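Engineer: Below: sequence and its predicted model.
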Amino acid sequence: MRDRTRRERWKDVGIAALALAALVMTVQLTGLPDFLRARNAGADSGAPVTDRASLLGPYAAAVTLSDGTRCGAAWGSGSQAIYERFSALLGEALGSAGNPVRATAESWREALSGPGAYFDFRAQLPLALLAEWLGAQTPEWDAGDSAGELVLALEDNAVRLYYRSGEAWYSCATALNGAVLTERLGEFSPNGAVFAFEAGEDYALVEDTVLLYGSRDTLQNYTVRTPLQAGQSAAELLAAFGMNSYMANSYTEADGADIYVEGTMSLRLSGDGTVRFWDTEPAAGELSPAAAAELAARTVQSALEETMGAAELRLWSLEYRDTGYTVQLCYCLDGVPVLRNGDPCAAKVEITGTDVSWAEITGLEFTASGGTEAPMPPELEAALVQSAGGGSMEMWYQLWNDQLRADWVTA
Amino acid sequence: MDRGKIKNWILLVLLLLDLALGALLLAGAAEQASYRKLGEESLFEVLRQRGLTPGEALELPESSPGSWHLERSLQAEETLASRLLGAVTAQNQGGNIYTYTGENGSASFRGTGEFEIQFTDPLEPGGNPRRLVLQTLESLGLDAREEDLSVRDTAEGEVYTALCRWQEALVWNCRVRFTFTEAGLAWISGQRLFDTAGEETAGAYSANTAVLCFLDSEYAGMAGTLEAILPGYTMSVPMSGSCTLQPVWVLQTDAGYFQVNAVTGRTERLAE
C-alpha cells in the first residue's frame, strides 16, 4: 500500500515536471522572450524622462588647446560634440563657483585666447538653471544671474569660470583642478578656428566671439507645413495638457478655431497651427528653475512629438516671474535654431506654482527635402559685417512665410 | 479506468509531447546556427573583397550588449573611501566634488566619475603588486582581470593601469591608475563606474553591422587583418552624477584597435 502511494506520488511529480518542461519549451518556440526583450528596447532604463543633453546646449563652442591652437564650430554638430565632453565639467564649475567678480573686456579676451573651453548659448540663461540642469547645486551667491556665453579658463593650474551677462563680464574661482581641464583639452585636435578679435584689423568691428574658420557642417534643406495640414489629432494635444478629449466640451469659433474646455483648463486650436492653453487654477507650490524648464519642455514635446518631423526642441530662455517662470523653446534643425518671422519661439510656456498655467505653441512640421546647402563661410560673412560698420552674426534657419533657408543673421 | 492507469497515459502523452517540442527546439537551434554560419561566411567574403583578411580565430559574437544608465550614490562612495582609508570625514567642495579624509589618507570623488586617492602610508604590495591592484579594485567596487592590467615605469615609480569591466565586457574609457613608489601603493587615480544601475536597454547594432560601419569609415584602409571583434562599452557623462554606458564593438586589427559605437555607428581609432 505504501509502495503504491509512493509510486503515485512519483507519478504526480513526473506529470508536473513534464508539464512544466512542455510549457517552457512552448514559450521558447513562440519567441515570447525575444518579443518582450524587443519591447523593452528604448524603454526607460532609469535615465531622466526628458533628454537634457539634447534640450539644452550651446549653438557655438570652441576649445583652446594648451599650445594656443583651437578647435571650434560656429554652428551644428561640431559645437555639440565639444559640449558633450565638457558639460559635466561646466556643471561642476558652476556648482563650485565662488563669488563672481567683475571682469574687464581685456580679461575676457585673455580667457578666450588661453587654454580652455567656450560655449555660446545665445539667449541669457539663469546660472541656477544651468547648474541644476548639469547635475550640480546652485551656487550659494546666486542672485538670479544669467549668462549667454561662458568660458572654462585654465589659469595657474586652476579652473576659472568666466561668463558674459548682458554687456558685463564676470569671473569666479572654482574647485576644479587644472589637470582635469588640461586632460580634457588634450582630446581635441585643432581645426584652425579663431575668434574675430584675434583675426586682426580686418575684423576689428566684428563681435569678439564670432568664430571664423573652424568646422562647418553643410546644412540640409527642409520644407515646413503646419501639422493641421498633416492631420494632427486634437486628442493628442489635449492629452499633452492633461485634458481628456471625451470629457472636454468643445465648440468652434467664428474664425474656425476649435475651443476645448474642461474644468479650469481651456485649449484653443487655430487654423494656422497655433495652440493656446490656459489654466485659471494651477496647483500651488514651487518648482526649481530646472524642474520648471523640464515641465515646460515635457509638455511641449508631448504636444508636438508626433508632428515636428525632423526638428528637435531646444530650451531657448527662462525668466523668473513673481508666481513662477516663463520658459521659451525653439525648434532646432541640425543643431541650428529656427527663426520664424524674426522670432525664435516655437513655444512660450508660463509655469505658475507647479503647473503650466498658460502656453502658446506654434505647431510646425519639418521634412528633409533632399539636398544640402553650404552657408557662406563665417570669415566671408564677417568681412561683410566689418564693411557694414561691425556687429554680430549668428547662423539660423530662417522661416519667412513658408520659405525656410539657412543663413547668417547680423545685428 | 483507475487513476493510476490515467496517470500512466498522461505521463506517456506528456513525454511524447516533450520529445516532440525538444526535437523542434533542437531543429530550430541548428537552423539558427546554420544561418549564423552563413551570415559569417558572407561577411568574411565582403571583408576579403574590401581588402581585409579575417583572422583565423575570428568569430562573430552572437548577442549585442545593450545600454545602461548608472547613477552616483554618495553613500556608496563614502563606503568605498572608508574601505581603503579607514573611518572618513566627508566634505562637499561644491559642484558635486566630495573629499573624504581618513586615517590613512584622503580621497576626492567627482560627479564625472573621476577620482583620486592618496595614502599617507603607502600600501605594501607584499611582493605581488598585481594582486594588490586587483584587491584594491575589488574594494572600489570595480571589476577587472589580470589580463586587463598594463604596467609602465615613470619618474614617480611603477604605474599599473587597469581597464575596468561592466557585465564582463571592457569599458574602454574607464581606466584606473595605481602608482607604486619604493614604499608601496602611494596613490590611485582614474575613472570609476557609478553605483546604481537601471535596466539594460537593448537595440544596438550587431557585430556584423559594426564591421560594415568600419568598412565604410575613413579607417578601413589602414588595416590588413581583422583579428577579433570584442563587445564593450564607452562611458559618457552628460551631467554630473549620471552616466550612460553605450555599447561599442572594438575591432582588433593588425593596425591597432578601432571602436565602432553600436548605437550611432561612428568609428574612431583607439589609443594604444
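Structural biologist: Ah, there it is.
Engineer: for the stretch 51-200 of chain A, which spans come out with low pLDDT?
Structural biologist: Scanning the stretch 51-200 of chain A for pLDDT under 70 picks out the ranges A:51.
Engineer: any idea of the mean pLDDT for the host helix or strand of B:Ala20?
Structural biologist: Assigned by DSSP states H and E, B:Ala20 falls within helix B:3-49. Mean pLDDT, computed over helix B:3-49, is 89.
Engineer: just how off-centre is that helix within its chain?
Structural biologist: 32 Å (C-alpha atoms, centre = their mean, to the nearest Å).
Engineer: Next one: that helix, is it in contact with chain A?
Structural biologist: Yes: looking at helix B:3-49 against chain A by C-beta under 8 Å from any C-beta of the partner chain, the contacts come from B:3-4, B:7-8, B:10-11, B:14-15, B:17-18, B:21-22, B:24-25, B:28. (C-beta placed from N, C-alpha, C; glycine too.)
Engineer: So which other helices or strands are in contact with that helix?
Structural biologist: Where contact means 3 or more C-beta pairs under 8 Å, 6 or more residues apart in numbering or on different chains; DSSP states H and E, helix B:3-49 is packed against helix A:2-30, strand B:53-54, helix B:207-215.
Engineer: among the ones you listed, which is nearest A:Tyr251?
Structural biologist: Closest approach to A:Tyr251 among the helices and strands packed on helix B:3-49 is made by helix A:2-30 (50.1 Å; C-beta to C-beta).
Engineer: Quick one: distance of the biggest strand by length in chain B to the chain centre.
Structural biologist: Longest strand of chain B, by residue count under DSSP state E: strand B:225-239. Centre-to-centre, strand B:225-239 and its host chain are 8 Å apart (C-alpha atoms, centre = their mean).
Engineer: Please say whether there is contact between it and chain A.
Structural biologist: Yes: using C-beta under 8 Å from any C-beta, we find that strand B:225-239 touches chain A at B:236-239.
Engineer: Considering those, which possesses the most neighbours?
Structural biologist: B:Val237 (25 neighbours; other C-beta atoms under 10 Å in any protein chain shown).
Engineer: residues contacting that one?
Structural biologist: B:Val237 sits next to A:88, B:111-113, B:243 when contact means C-beta atoms under 8 Å, 6 or more residues apart in numbering or on different chains.
Engineer: again, 10 Å this time
Structural biologist: A:84-85, A:87-89, A:91, A:135, B:70, B:72, B:110-114, B:191, B:194, B:243-244 (C-beta atoms under 10 Å, 6 or more residues apart in numbering or on different chains).
Engineer: quick revisit: winner for burial among the helices and strands packed on helix B:3-49?
Structural biologist: helix B:207-215 (a mean of 22; mean count of other C-beta atoms under 10 Å in any protein chain shown).
Engineer: Whether that one contacts chain A - can you check?
Structural biologist: No: residues of helix B:207-215 contacting chain A under C-beta under 10 Å from any C-beta of the partner chain: none, with a closest distance of 15.2 Å.
Engineer: give the contact list for the most centrally placed residue in chain A.
Structural biologist: When C-alpha atoms, centre = their mean is applied to chain A, the residue found nearest the centroid is A:Leu55 (1.8 Å). When contacts are counted by C-beta under 10 Å, 6+ apart, A:Leu55 touches A:133, A:293-294, A:297-298, A:301, A:312-315, A:329, A:332.
Engineer: Return a PyMOL selection command for the buried portion of those residues.
Structural biologist: Burial among the contacts of A:Leu55 is assessed by 16 or more other C-beta atoms under 10 Å in any protein chain shown; the matching PyMOL selection reads:
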select buried, chain A and resi 133+293+294+297+301+312+313+314+315+329+332
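Engineer: Go back to the contacts of A:Leu55 and keep what's next to chain B.
Structural biologist: A:Trp133.
Engineer: Let's have the contacts of A:Leu55 in TSV, adding secondary structure.
Structural biologist: Output for the contacts of A:Leu55, formatted as TSV (DSSP: H, G, I helix; E, B strand; the rest coil):
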residue	secondary structure
A:Trp133	helix
A:Ala293	helix
A:Glu294	helix
A:Ala297	helix
A:Arg298	helix
A:Gln301	helix
A:Glu312	strand
A:Leu313	strand
A:Arg314	strand
A:Leu315	strand
A:Leu329	strand
A:Cys332	strand
